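S.K.: sequence first, predicted model second:
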Amino acid sequence: MNQEISDPAPRLEASPVRNFGLQLSSTPRGARLARLLATEQLRMWGVPAHPAELIVAELAANAVTHGRVSGRDFRLLLYVVGDTLRIEVTDTRGDRLPCPRHSADEAESESGRGLLLVDALADRWGVVPGPPPLKTVWAEVGAGPAGQRPVPPRQ
């Protein structure tokens with residue numbers, strides 16, 4: 001006699017939370033290392049590097065350019081939960097919040113347009129004030145295979 005035995009409660013496999021963090025010097029070299037090391041970590045996880053590497057590059061460059069305090073580092077944190085990659089860059093200038101520049105502002109300044117790129121590439125992004133003197137600028141993108149990014153929720 002053949003019997004089928006079924007498990008009364010199907011097991012759900014939890015997707016692991018993957019994270020990677022490091023502290024880097026607030027210098028152009030530190031910003032470059034942030035991009036290179038983040039790209040390598042994403043490759044090791046099997047997560048598409050585009051557009052995350054561009055977002056890391058912009059946020060790290062902003063931390064070095066606008067969030068730099070002599071003798072203080074910035075921190076890069078990447079983590080994947082489910083199908084979402086979150087990128088966080090924390091610097092020590094909580095008093096200087098990022099402000100994207102729009103086309104009318106272009107004539108006044110060469111800086112600030114990198115956040116327009118982050119806004120265009122990320123599903124969501126924002127700023128979280130930390131305990132003084134910190135602030136964290138974060139962005140989220142789909143971490144699934146290219147072309148299978150989840151649709152971000154409307155805010």
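M.R.: Ah, there it is.
S.K.: may I ask which helix or strand of the protein has the lowest mean pLDDT?
M.R.: helix 114-121 (a mean of 93; mean pLDDT, DSSP states H and E).
S.K.: buried residues in the next helix or strand after that one?
M.R.: Later in the chain than helix 114-121, the nearest helix or strand by DSSP states H and E is strand 124-129. Under the neighbour-count criterion of 16 or more other CB atoms under 10 Å, strand 124-129 has Trp125 buried. Using the backbone N, CA and C atoms, a C-beta is placed for each residue, glycine as well.
S.K.: wait, Arg96 sits on Val69?
M.R.: No: here Arg96 does not reach Val69: they are 10.1 Å apart, not a contact under CB atoms under 8 Å.
S.K.: what sits against Pro129?
M.R.: Gly94, Leu97, Lys135 (CB atoms under 8 Å, 6 or more residues apart in numbering).
S.K.: give me the distance between Gly94 and Glu53.
M.R.: 26 Å (CB to CB, to the nearest Å).
S.K.: tilt between the least confident helix or strand of the chain and strand 124-129?
M.R.: 130 degrees (axes from the mean of the first three to the mean of the last three CA atoms, to 10 degrees).
S.K.: low-confidence ranges, this structure, go.
M.R.: The chain contains residues with pLDDT under 70 at 1-15, 101-112, 145-155.
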